[in-house]
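Peer 1: Turn this into a structure:
(one chain, ligands or ions: 2)
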Amino acid sequence: MGAQSAGPLVVGVDSSTQSTKALVVDATTGVVIARGQAPHTVSGGDAKESDPGRWWQALGEALAQCGDAARQASALSVGGQQHGLVALDAAGEPVRPALLWNDVRPAPQSERLIAELGGAKAWAQRVGSVPGPAFTVAKWAWLRANEPAAAAATAAVRLPHDYLTERLTGESVTDRGDASGTGWWASSTESYDAEILEHVGLSPEALPRVALPGEAAGTVHADELPLPHGALVAAGTGDNMAAALGLGLRPGQPVLSLGTSGTVYAVSTHRPADPTGTVAGFADARGDWLPLACTLNCTLAVDRVAALLGRDREAVEAGGEVAMLPFLDGERTPNLPGASGLVHGLRHDTTAGQLLQAAYDGAVFALLQALDRVLDADAAPDAPLLLIGGGAKGRAWRETVRRLSGRPVVVPEAQELVALGAAAQAAGLLLEEDPAAVARRWGTARGAEYEAQPRDVAAWDRLATTLADGEALLRR
Ligand SMILES: Nc1ncnc2c1ncn2[C@@H]1O[C@H](COP(=O)(O)OP(=O)(O)O)[C@@H](O)[C@H]1O
Ligand SMILES: O=C(CO)[C@@H](O)[C@H](O)COP(=O)(O)O
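Peer 2: Numbering: from 1, shown residues only. Ligands and ions are numbered 1, 2, ... in the order given. Just a heads-up that it's a prediction; the model follows:
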């Protein structure tokens with residue numbers, strides 16, 4: 001255990017793509033008392049799959065690292081990577097590994113679904129999002145088409161966070177935030193869409209109940225984790241919605257998150273409906289909305305380029321005219337699921353450090369291009385970007401965001417905003433408070449401020465031209 005606590009303790013969990021992180025937090029002050037982290041494994045190549053059983057083990061390991069503090073918690077909540085398809089049989093066992101958000105194999109199914117149910121505009125208006133390959137509905141359609149026996153054996157479908165919540169509580173519960181990334185929860189009605197479910201051959205009985213914001217999922221029933229039996233369990237949410245809670249976001253404050261995925265988002269009071277599909281019209285975990293754009297190639301892609309060049313991730317160099325679109329895993333924003341990385345403008349005098357800088361530029365460009373679409377009238381044009389996620393610890397990431405956005409940047413001191421947001425949700429449930437107000441009281445968004453710099457228009461234009469001219473290659 002680290003610091004001393006004054007108030008009741010709560011646990012916040014972030015079950016993200018690469019690892020599970022757990023924080024034990026003083027619900028009154030927000031002081032982090034203990035922390036733990038345990039890795040996941042994700043299959044390589046085209047398939048991006050993980051064993052849900054490993055998430056459960058990793059949760060146990062991360063909690064065990066928190067020592068006695070976790071055993072003293074009064075409430076807990078789980079934030080998890082969005083969209084993943086966890087298909088369970090009648091005994092509650094996974095029928096196969098989970099298909100993750102960044103698995104682009106369902107691209108043909110996504111295109112078919114969009115066409116079959118009225119086109120992109122109709123989807124945006126009804127569901128709030130145009131369902132790209134990331135969405136659970138496209139993953140389910142892929143499973144039916146490619147592994148019919150697994151689909152036939154499926155009795156229940158869960159998202160990563162509600163799979164873990166169910167193992168903790170024995171209750172089948174999700175929340176509006178994570179449900180809004182399925183493609184079968186319609187933002188226009190704030191409920192499961194019976195017609196879409198029928199279209200994809202999935203019974204509503206197979207899905208969890210959607211808890212209302214502030215409602216509990218249940219209490220801890222599982223015996224094998226170092227948690228007190230009977231502790232309150234909040235409904236949890238998707239990891240981006242949890243981070244929005246963790247920052248105590250007010251409408252219009254833009255966030256840029258640099259993790260396995262790159263995301264840009266803001267809380268909005270208006271229900272989003274972007275027919276281009278760039279912006280996913282998610283619900284947040286309270287009662288508002290979370291328009292968000294997500295890239296597949298962020299910290300892992302840039303780290304891979306650094307490794308290929310044999311350089312430290314901070315060993316970037318300015319100058320030169322090379323442009324890189326580091327779409328190593330295909331890309332979601334822009335929607336180019338079949339893309340691979342593209343380099344243009346290589347010269348004899350291009351240095352390895354410039355090539356590495358070009359990888360950062362390409363990853364940040366893809367996110368910033370979507371930012372204007374994400375932000376609505378609630379957002380001030382010069383509002384500082386809140387920079388979070390593992391990449392926010394890196395100088396090269398931060399300076400690239402400043403140079404290409406032209407905006408002031410704030411890097412919150414608090415690490416692990418997803419887990420902190422889950423902790424704020426647990427504290428809100430325990431103390432009967434708005435979780436975002438809890439996080440604001442904890443001061444989680446406070447951090448180093450970096451002033452705006454003039455935008456590097458030349459680098460931006462090079463990337464925009466490379467994207468436009470390279471489209472045929474990127475679509476292959
Ligand atoms: N000091 C650092 N500087 C730059 N990047 C970092 C640093 N520490 C971690 N990272 C990056 O953070 C990433 C993990 O971010 P995180 O937000 O924890 O991921 P996720 O939650 O998506 O699993 C790693 O891929 C790594 O590249
Ligand atoms: O698909 C999305 C958002 O729509 C991703 O942001 C996932 O939620 C995975 O998040 P990380 O593991 O990168 O935090």
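Peer 1: Please identify the residues of the stretch 151-300 of the chain in proximity to ligand 1?
Peer 2: 259-260, 299-300 (CB under 6 Å from any ligand atom). (Each C-beta comes from the backbone N, C-alpha and C, glycine too.)
Peer 1: Mind checking which of those are in helices?
Peer 2: Members of these lying in helices (criterion: DSSP state H): 299-300.
Peer 1: Most neighbours of all the residues of the stretch 151-300 of the chain next to ligand 1, which one?
Peer 2: The most crowded member of those, judged by other CB atoms under 10 Å, is residue 260 (25 neighbours).
Peer 1: List the single closest residue to that residue in space, sequence neighbours excluded.
Peer 2: In space, and not counting its chain neighbours, residue 260 is closest to residue 17: 4.1 Å by CB to CB, 6 or more residues apart in numbering.
Peer 1: and if you look at residue 448?
Peer 2: residue 411 (5.1 Å).
Peer 1: and the helix or strand encompassing the one you found, does that touch ligand 1?
Peer 2: If you go by DSSP states H and E, residue 411 is part of strand 409-412. No: interface with ligand 1: strand 409-412 contributes nothing (CB under 6 Å from any ligand atom), its closest point being 11.3 Å away.
Peer 1: So which residues make contact with that strand?
Peer 2: Contacts with strand 409-412, where a contact means CB atoms under 8 Å, 6 or more residues apart in numbering, come from 247, 384-388, 392, 398, 401-402, 444-450.
Peer 1: Could you look up the next helix or strand downstream of the helix or strand hosting residue 460?
Peer 2: Element membership of residue 460, judged by DSSP H and E, is helix 457-469. For helix 457-469, the following helix or strand on the C-terminal side (DSSP H and E) is helix 471-474.
Peer 1: I would like the residues contacting stretch 59-71, please.
Peer 2: 1, 5, 9, 11, 13, 15, 20-24, 33-38, 78, 164, 224-228.
Peer 1: can you rerun that using 6 Å?
Peer 2: Residues outside stretch 59-71 that contact it (CB atoms under 6 Å, 6 or more residues apart in numbering): 1, 11, 20, 22, 24, 33-34, 36-38, 225-227.
Peer 1: Would you list the buried entries among those?
Peer 2: Among the contacts of stretch 59-71, those classed as buried by 16 or more other CB atoms under 10 Å are 11, 20, 22, 24, 33-34, 36-38, 225-227.
Peer 1: quick one, what contacts residue 99?
Peer 2: 85, 139.
Peer 1: again, only using 8 Å
Peer 2: Contacts of residue 99 by CB under 8 Å, 6+ apart are 48-49, 84-85, 105-106, 139, 142-143.
Peer 1: follow-up on the earlier one: buried ones in the strand holding residue 411, by neighbour count?
Peer 2: Buried residues in strand 409-412 (16+ other CB under 10 Å): 409-412.
Peer 1: of all these, which comes closest to residue 240?
Peer 2: Closest approach between the buried residues of strand 409-412 and residue 240, by CB to CB: residue 412, at 15.2 Å.
Peer 1: Can you tell me how far that closest one is from ligand 1?
Peer 2: Residue 412 sits 13 Å away from ligand 1, taking CB to the nearest ligand atom, to the nearest Å as the criterion.
Peer 1: That residue pairs with what?
Peer 2: Using DSSP bridges, the beta-bridge partners of residue 412 come out as residue 447.
Peer 1: got the phi/psi numbers for residue 158?
Peer 2: The phi/psi pair for residue 158 (degrees, to the nearest 10) reads phi -130, psi 160.
Peer 1: What helix or strand is the closest residue to it other than its chain neighbours located in?
Peer 2: The spatially closest residue to residue 158, leaving aside those adjacent along the chain, is residue 86, at 4.2 Å (CB to CB, 6+ apart). Per DSSP H and E, residue 86 falls inside strand 86-88.
Peer 1: With residue 210 instead?
Peer 2: For residue 210, the host element (DSSP H and E) is strand 209-211.
Peer 1: tell me which residues of that strand are tucked away?
Peer 2: Neighbour-count burial for strand 209-211 [16+ other CB under 10 Å]: 210-211.
Peer 1: Same check on stretch 259-279?
Peer 2: Judged by neighbour count (16+ other CB under 10 Å), stretch 259-279 contains these buried residues: 259-268, 272-274, 277-279.
Peer 1: avg pLDDT for that stretch?
Peer 2: Per-residue pLDDT over stretch 259-279 has a mean of 97.
Peer 1: what about it, how long is it end to end?
Peer 2: End-to-end distance of stretch 259-279 (CA to CA, to the nearest Å): 18 Å.
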